[in-house]
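Participant: Starting from these lines, generate the structure:
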Amino acid sequence: QLQLVESGGGLVQPGGSLRLSCAASGGTLAGYAIGWFRQAPGKEREGVSCISSSGGSTSYADSVKGRFTISRDNAKNTVYLQMNSLKPEDTAVYYCAADVSWRRLCRAYEYTYWGQGTQVTVSS
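Facilitator: Sure, this is the predicted structure:
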């Protein structure tokens, strides 16, 4: 069974940067599309960014375009989310998820395997 573990979250000031990592065990990420999702208190889980299994296709939520970059290193069995120019509204628990099918719209219900999440807090 594919297991995902997120890391890299933390407390950062507005305007700062963080890089989240999603590592896999129990299988290889190479055959999976990967999505990053986030959930703030009292809000629904939303898609942030998704990447196809080859890395050739990516998509981003409008709220993070130009600030976040998703990438993957299949040799390291890891997917990354580089987050720059962070804003307080980016504060949430961030999850990575995997599914065998790539879809341009990052919709949580279409992803099968999920990590436990990592907290990102943007505050001065």
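
Participant: residues contacting Leu86?
Facilitator: Going by CB atoms under 8 Å, 6 or more residues apart in numbering, Leu86 touches 12, 14-18, 67, 120, 122. All C-beta spots, glycine's among them, are computed from the backbone N, C-alpha and C.

Participant: burial of the residue lying closest to Gln1 once chain neighbours are set aside, as a residue count?
Facilitator: Counting by CB to CB, 6 or more residues apart in numbering, Gln1 lies nearest to Gly26, which is 5.3 Å off, once chain neighbours are set aside. Per other CB atoms under 10 Å, the neighbour tally for Gly26 reads 9.

Participant: pretty sure Gly26 is touching Leu4, no?
Facilitator: No: contact between Gly26 and Leu4 fails when scored by CB atoms under 8 Å: they sit 9.3 Å apart.

Participant: Mind checking which residue lies nearest the centre of the chain?
Facilitator: With distances taken as CA atoms, centre = their mean, Trp36 lies nearest the centre of the chain, 2.3 Å away.

Participant: Which secondary structure state is assigned to it?
Facilitator: With DSSP: H, G, I helix; E, B strand; the rest coil as the basis, Trp36 sits in strand.
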